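>>> what's the 3D shape of this:
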Amino acid sequence: MTTDNHHLHADNSDDEIFVEDTLVTTEEPHQEAPETFADFNVRADIVESLADAGIVHPFPIQAMTLSIALGGHDIIGQAKTGTGKTLGFGVPALQRVVGPSDEGYEKLPAPGAPQALIVVPTRELAVQVADDLTKAAKKRNARIVTIYGGRAYEPQIEALKRGTEVVVGTPGRLIDLYRQKILSLKNVRIVVLDEADEMLDLGFLPDVETLMSATPAVRQTLLFSATMPGPVVAMARRYMSHPTHIRAADPEDDGATKKDIRQVIYRAHNLDKDEVVARILQARGRGRTIIFTKTKRTAAKLSEELVDRGFAAGAIHGDLGQGAREQALRAFRGDKIDVLVATEVAARGIDVEDITHVINFQCPEDEKAYLHRVGRTGRAGKKGTAVTFVDWDDVPRWGLINKALGLDQAEPVETYSSSPHLYTDLDIPEGTKGRLPRNQRTLAGINAEKLEDLGETGKKNRSGDRSRSAGQGRRTGSEERRTGSDEKAGGRRRTRGSSGEDRTAADSSAKQTERTDRPQRNRSRTRRRNGEVISKPAAES
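Below is the predicted model:
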């Protein structure tokens, strides 16, 4: 590990942002660190909790972060996805807060008010981070509350009122509860911004800055991001004090993607993709697999097709309610299913061990989307395989991605389900067909996982019913962006439109009835010309 003075620059910019920040990098190849968490003066109860979960030695990004963060310094952490950042910021956050059983708790300005705020871009990532922190706090008396949209307000409000030390949440719901004066940020001691570049892409930075402004001026701030675009660096400049810039890198892994991931690019025919996927899913050594699609409809359709072919599959996409999305994730983590079909909403939110394969069902939009998707496999030093399908009309787009990442695969190989190289490339047994043999269908399937009723905010559940708890009509601009413009246009606008049409039809019918029942008046009038009567109305009978 080396430390030196370093001028941090924004990506694609020559403007100096920080003048005296410190750069910390690793020079040695990736090896298991000999240190344990106890060697960094981590609290004994946290060390014991981690040991119970089988976590003893920190990864490089964790080791570098702990040594600085536990000293109270601000940090900008830059590392590729899948390197284990969560405990790097989670352990310092848990160590910094004062729990109900700690000395001095009753002397706090507001016992039970949040002391640590962790902001993440997606619901799935919020759940994952909270789960990891809960493991680390198993023997540490520190309460953790998860705040995110798509589920009922009331349980989250009640949890905040009961008291908590750590809040993990997404910007939309956090700022909503803050503006309602339910979430107090006056006593926050440490703020963590995870996946900051993703929050920029989703348009959350203004909300994040609002939350940051509501915290005390004197606090510790940890910012983590895979890339450092200009707006993220500018925000760090406003809200951080002499941060240490940590960059976790393996000199043997100098490419944009991790060397532990084998990347295969195929030019596939759209009508043959389902068959190709079904055969890839029967490759030797294939474990948990994530398949990324561009659209919600494709995700739902592909998931149903794979289930019909005998695979234990589930889906996560924007048309599912939060309860159904969490059901699929629990089933995936709990080995009830081993194939998860997901839209981009899950690209950063899924941190599941032992994902052996990632399949891009369509070509990603750009190199950033590609990195985020592929980064779900090959995590924590393990090997992984990433397969990307490129349609004929997406070849130019893939060329740009290939050039940006230096993958040396500018011309994807034309591939069909019958292509011999498909079998040899991915170690698929010869003679494999597009349906999973019945004697290999050993997993319980997604229906074996309970579907929770979360009192969701207007989403359709699996039965097609809508549920909305009291007070859930309020949705912030951030939550609207998070849910997606297609839902707003296709869902609520259609609902209002059809309701309006019904009302219009009813009003028209009522008026017609009124005209029919009302006595008809004689509309004829006396006509005059130059003051003389030229015609009179006919006499009524």
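
>>> any idea of the mean pLDDT in stretch 265-284?
For stretch 265-284, the mean per-residue pLDDT is 96.

>>> Quick check: buried residues in it?
Buried residues in stretch 265-284, defined by neighbour count with 16 or more other C-beta atoms under 10 Å: 265-269, 272-283. For every residue, glycine as well, the C-beta is placed using N, CA and C.

>>> Also stretch 201-209?
D201, L202, F204, L205, D207, V208.

>>> and what of stretch 152-172?
152-153, 156-157, 159-160, 164-172.

>>> With stretch 47-55 instead?
Residues of stretch 47-55 classed as buried by neighbour count (16+ other C-beta under 10 Å): V47, S49, L50, I55.

>>> For A299, pull up the helix or strand it's in.
Per DSSP states H and E, A299 falls inside helix 296-308.

>>> And T289, by the same measure?
Assigned by DSSP H and E, T289 falls in strand 288-292.

>>> Show me what that strand packs onto, helices and strands only.
With contacts taken as 3 or more C-beta pairs under 8 Å, 6 or more residues apart in numbering; DSSP states H and E, strand 288-292 sits against strand 339-342, strand 355-360.

>>> Make CSV out of these and add mean pLDDT, mean neighbour count and distance to G384.
Converted to CSV, the helices and strands packed on strand 288-292 look like this (pLDDT from 0 to 100; neighbours: other C-beta atoms under 10 Å; distance: least, C-beta to C-beta, whole Å):
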stretch, mean pLDDT, mean neighbour count, distance to G384
strand 339-342, 96, 26, 15
strand 355-360, 96, 23, 6
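
>>> got those as JSON lines, with distance to G99 columns?
Formatted as JSON lines, the helices and strands packed on strand 288-292 follow (distance: least, C-beta to C-beta, whole Å):
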{"stretch": "strand 339-342", "distance to G99": "35"}
{"stretch": "strand 355-360", "distance to G99": "34"}
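
>>> so which of these gets nearest K450?
With distances scored as C-beta to C-beta, the stretch of those nearest to K450 is strand 339-342 (17.5 Å).

>>> Give me the contacts around that closest one.
Strand 339-342 is touched from outside by 281, 288-293, 299, 302-303, 306, 311-317, 328-329, 332, 346, 350, with contacts defined as C-beta atoms under 8 Å, 6 or more residues apart in numbering.

>>> Given that strand, what are its sheet partners and their directions?
Within its sheet, strand 339-342 is paired with strand 288-292 (parallel), strand 313-316 (parallel), according to DSSP bridges.

>>> The stretch 51-200 of the chain: strands as residue ranges?
Under the criterion DSSP state E, counting those that start in this stretch, the stretch 51-200 of the chain contains strands at 75-78, 116-119, 144-147, 166-169, 190-193.

>>> Let me know the helix or strand that the residue lying closest to V276 once chain neighbours are set aside is in.
Nearest non-adjacent residue to V276, counting by C-beta to C-beta, 6 or more residues apart in numbering: S417, 4.8 Å away. Taking DSSP H and E as the definition, S417 sits outside all helices and strands.

>>> Repeat that for G431.
Secondary structure from DSSP H and E places G431 outside every helix and strand.

>>> in the chain, which ranges drop under the pLDDT threshold?
Scanning the chain for pLDDT under 70 picks out 1-34, 80-82, 249-258, 345-350, 380-381, 456-541.

>>> What's the end-to-end length of stretch 297-316?
Start and end residues of stretch 297-316 are separated by 11 Å (C-alpha to C-alpha, to the nearest Å).
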